[in-house]
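> The sequence and its predicted three-dimensional model are supplied below.
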There are 2 protein chains.
Amino acid sequence: MSEIPDGTTQVTGGVDGLWAVIPAGGAGTRLWPFSRSSSPKFLHDMTGAGSSLLQSTWHRLEPLCGDHILVVTGVLHEAAVRVQLPGLAPANLLAEPSPRGSMAAIGLAAAILERRDPDAIIGSFAADHVIGEPEVFVDRVREAVAVAREGYVVTIGIEPTYPATGFGYIRVGDPLSIAGAPHGRQVRTFVEKPDEATARGFLETGEYHWNAGMFVMGATVLLDLLASFHPELAAGLRSIAAEPARLAELWPGLKVIAIDHAVAEPAAAAGRVAVVPGRFTWDDVGDFASLGSLLPDVAAAPGLKILGEADLVLAKDATGVVVPGSGRTVAVLGLEDIVVVDTPDAVLVTTRAHAQDVKALVDLLKATGRAGLT
Amino acid sequence: MSEIPDGTTQVTGGVDGLWAVIPAGGAGTRLWPFSRSSSPKFLHDMTGAGSSLLQSTWHRLEPLCGDHILVVTGVLHEAAVRVQLPGLAPANLLAEPSPRGSMAAIGLAAAILERRDPDAIIGSFAADHVIGEPEVFVDRVREAVAVAREGYVVTIGIEPTYPATGFGYIRVGDPLSIAGAPHGRQVRTFVEKPDEATARGFLETGEYHWNAGMFVMGATVLLDLLASFHPELAAGLRSIAAEPARLAELWPGLKVIAIDHAVAEPAAAAGRVAVVPGRFTWDDVGDFASLGSLLPDVAAAPGLKILGEADLVLAKDATGVVVPGSGRTVAVLGLEDIVVVDTPDAVLVTTRAHAQDVKALVDLLKATGRAGLT
């Protein structure tokens, strides 16, 4: 390992100059009542792995970055993040005064890192995604860094295994010939979530990958591109990095926009975006249906998934997902593809097919004066 | 009102010499986890009426009997019964040391009452049934008393409104010509719960009524009949009535048998049983499906029934029965004929179609060392 100026260390076998940025935000509304705005999904163990999604993200990145990891989260979650990540240096935890979208979150990290190291490459990886085959992931990130050093914004695409309608897609262009990045390709366009027929067509062409929202690029490359598309936002972020004391003053005026719309899409149109596709299990754990697909079957009950203490679940002729979370017994009888989520102040009963509609329930709670439950 | 020897009073407009006996037993297993062996359904408000089934039973009988009402319950529930029925005289609450079937429970009441009044007519009415149109009920009981004075065991039959497979049936014989009992008829036989085709056939003949387990007869008539079929049981009950101090000694030796098998069926074969049919809403609230049929729809959600605080239920595209019972919010999304029952230590999720199978879950709890939840 080698000492670097801010007192952190470079991990053996890691990627020189690479900093991981973990935006840890989002309420996980469709995972209510398990995930709440006060306790969002990245703080939860959603897979029975024994660690939260945030901790799993950290562990996945450590072999690449050591403790060169910045976490950007809301002030509300700052304390919980510190507790969950004892290895996170105080200087590497950025607390957003309020949520202003992924561009402001990742852009602030980029602006701070370009001051530490003008050649810094940053890789942005959401705190609440699940990835299998971490060795494939790590390998693709290494390739992405090689491509990023050539000035590209690089996204890691997931080779699709079914015609998903819940994810956006990336359409690839020509292969790139960059040393150390055999899978690197130009990106033609980003495509919004398609309907199933369209998704099926995408898979047939072999030209489309799932957009997992993972971006690798030079910190300065990102900010310079942002400056060309949204100059005030780039300037605001660089001002905060130069004078951190002005955070509270400048933050509320920053444009709220996703990095996809702010930089990735316009940069793709300008030929500045590349993709390194990989075949590994990936899920954004967006709802209880995807949660269910990530959990193993209960040995004695094929088709039944339990997240939490299995002893609390009494199931007969039941398939689906049960999340016991209040210490109470949850009994499920004669139901297929059911979703039951038990928490100390609310219980949800729905079906896998309605998993996407849970957000509507949360909206209903807010509309009826029960926002405290959300 | 007129004073009678035991210090109680005869109600104005009531039936002279009629004593109501309320056997308050049964765990209501198919209503778990709402009903428990420690807190059975007769102690609960199962219809949103604002009173428990036991209290509703008491109120239904008061116009007939005033406070000439005996309650027979398990020692475990004695205190709760006293609290729920402040009008119940201590001498009229009989506590069974252990459950020994309906014949022992009703027979003990009969043996005690024949000592108070050899001409006493007793009417036995379960503590956990729901009856609509109480004026029709009261009228039929008056008729039943008139028939009982002629020495019959009289049951009140319910005119069936659909081919129920969950109830036993009574097949009527010739009309009786007894003054004050225009609806009185001989009973040919009692029939066990039929399958649906058989039940349909029953309804076509017009000769069958539901057996609601309500019996009216002279206390001495009942005990003398019992003495002819099960002499030891009758003798044991009369011994306890003569020497109440021997209850603990004699009770455990009594035969465990239902009044239907012990007396009603053999007495019917001997031509000693009559029926007074009535058309009124009646239900034994045996499971959550029948519970649901007794509850009104939520105004804003046709097909959705709530027993408890409606404010705790958040439903969208849902029909069925929801019982919030722990103060927690219960959210139900996109489910038809669902049953959700929330209690402080257990939550049940099933469907109306599986309502009868809840007993199997309770058996499973007992088999897996969780009898404490039952």
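That came in fine, so what should we check first?
> Going along the chain, name the helices of the stretch 151-300 of chain A.
For the stretch 151-300 of chain A, applying DSSP state H, counting those that start in this stretch gives helices covering A:196-205, A:219-229, A:231-242, A:247-250, A:259, A:265-269, A:288-294.
> Would you mind giving these as JSON lines with mean neighbour count added?
The C-beta positions use only the backbone N, C-alpha and C, and glycine is treated the same way. Below are the helices of the stretch 151-300 of chain A laid out as JSON lines (neighbours: other C-beta atoms under 10 Å in any protein chain shown):
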{"stretch": "helix A:196-205", "mean neighbour count": "14"}
{"stretch": "helix A:219-229", "mean neighbour count": "21"}
{"stretch": "helix A:231-242", "mean neighbour count": "19"}
{"stretch": "helix A:247-250", "mean neighbour count": "14"}
{"stretch": "helix A:259", "mean neighbour count": "23"}
{"stretch": "helix A:265-269", "mean neighbour count": "18"}
{"stretch": "helix A:288-294", "mean neighbour count": "21"}
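> now those helices in CSV, with distance to chain B and mean pLDDT?
Formatted as CSV, the helices of the stretch 151-300 of chain A follow (distance: least, C-beta to the nearest C-beta, whole Å; pLDDT from 0 to 100):
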stretch, distance to chain B, mean pLDDT
helix A:196-205, 19, 96
helix A:219-229, 40, 98
helix A:231-242, 38, 98
helix A:247-250, 36, 96
helix A:259, 32, 97
helix A:265-269, 34, 96
helix A:288-294, 11, 91
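> Which parts of chain A belong to which domain?
Domain assignment for chain A by automatic domain parsing gives A:2-283, A:298-373.
> how about the residues of the stretch 251-374 of chain A near chain B?
The stretch 251-374 of chain A comes close to chain B at residues A:314, A:316-317, A:328-335, A:338, A:340, A:342-351, A:353-354, A:357-358, A:360-361, A:364-365, A:368, A:370, A:373, as judged by C-beta under 8 Å from any C-beta of the partner chain.
> Right, and chain B sits closest to which residue of the stretch 51-200 of chain A?
Among the residues of the stretch 51-200 of chain A, residue A:166 lies nearest to chain B; the distance is 17.2 Å by C-beta to the nearest C-beta.
> which ones are touching that residue?
For residue A:166, the contact set (C-beta atoms under 8 Å, 6 or more residues apart in numbering or on different chains) comprises A:193, A:286, A:290, A:356.
> Out of the residues of the stretch 251-374 of chain A next to chain B, which end up buried?
Burial by neighbour count, 16 or more other C-beta atoms under 10 Å in any protein chain shown: within these this picks out A:314, A:316, A:328-335, A:338, A:340, A:342-343, A:346-351, A:354, A:357-358, A:360-361, A:364-365, A:370, A:373.
> Go through the residues you listed and flag which are in helices.
Within those, residues falling in helices by DSSP state H are A:358, A:360-361, A:364-365.
> For chain B, state which of those is nearest.
For these, the nearest to chain B is residue A:361 (5.3 Å; C-beta to the nearest C-beta).
> What pLDDT is listed against the closest one?
Looking at residue A:361, its pLDDT reads 93.
> Surely it and residue B:333 touch.
Yes - using C-beta atoms under 8 Å, residue A:361 is in contact with residue B:333, at 5.6 Å.
> overlap in contacts of those two?
In contact with both residue A:361 and residue B:333: A:348, B:316, using C-beta under 8 Å, 6+ apart.
> dump the residue contacts of the spatially most central residue of chain A.
Centroid-nearest residue in chain A, with C-alpha atoms, centre = their mean: residue A:126, separated by 2.2 Å. Residue A:126 makes contact with A:22-23, A:57, A:213-214, A:284, according to C-beta under 8 Å, 6+ apart.
> And those, which is the shakiest by pLDDT?
Lowest pLDDT among the contacts of residue A:126: residue A:284, 89.
> how far away is that residue from residue A:269?
Noted for residue A:284: a distance of 25 Å to residue A:269, by C-beta to C-beta, to the nearest Å.
> try residue A:42
In terms of C-beta to C-beta, residue A:42 sits 31 Å off from residue A:269.
> Please apply the same query to residue A:56.
Counting by C-beta to C-beta - residue A:56 and residue A:269 are separated by 34 Å.
> Now do the residue nearest to the centre of chain A against residue A:266, distance only.
In this view, residue A:126 and residue A:266 are 21 Å apart by C-beta to C-beta.
> now residue A:62
For residue A:62 relative to residue A:266 (C-beta to C-beta), the value is 33 Å.
> Residue A:25 now?
23 Å.
> For residue A:74, which residues count as its bridge partners?
residue A:96 (DSSP bridges).
> for residue A:124, that is, sorry about that
residue A:21, residue A:215.
> That one: neighbour count?
Neighbourhood size, residue A:124 [other C-beta atoms under 10 Å in any protein chain shown]: 25.
> do the same with residue A:309
Residue A:309: 12 neighbours (other C-beta under 10 Å).
> my read: it touches residue A:323, true?
No - taking contacts as C-beta under 8 Å, residue A:309 lies outside contact range of residue A:323: 10.1 Å.
> picking that back up, strands - which of the residues of the stretch 251-374 of chain A next to chain B land there?
A:314, A:316-317, A:329-335, A:338, A:340, A:342, A:346-351 (DSSP state E).
> and the gap between the residue nearest to the centre of chain A and residue A:183?
21 Å.
> Likewise for residue A:100?
In terms of C-beta to C-beta, residue A:100 sits 33 Å off from residue A:183.
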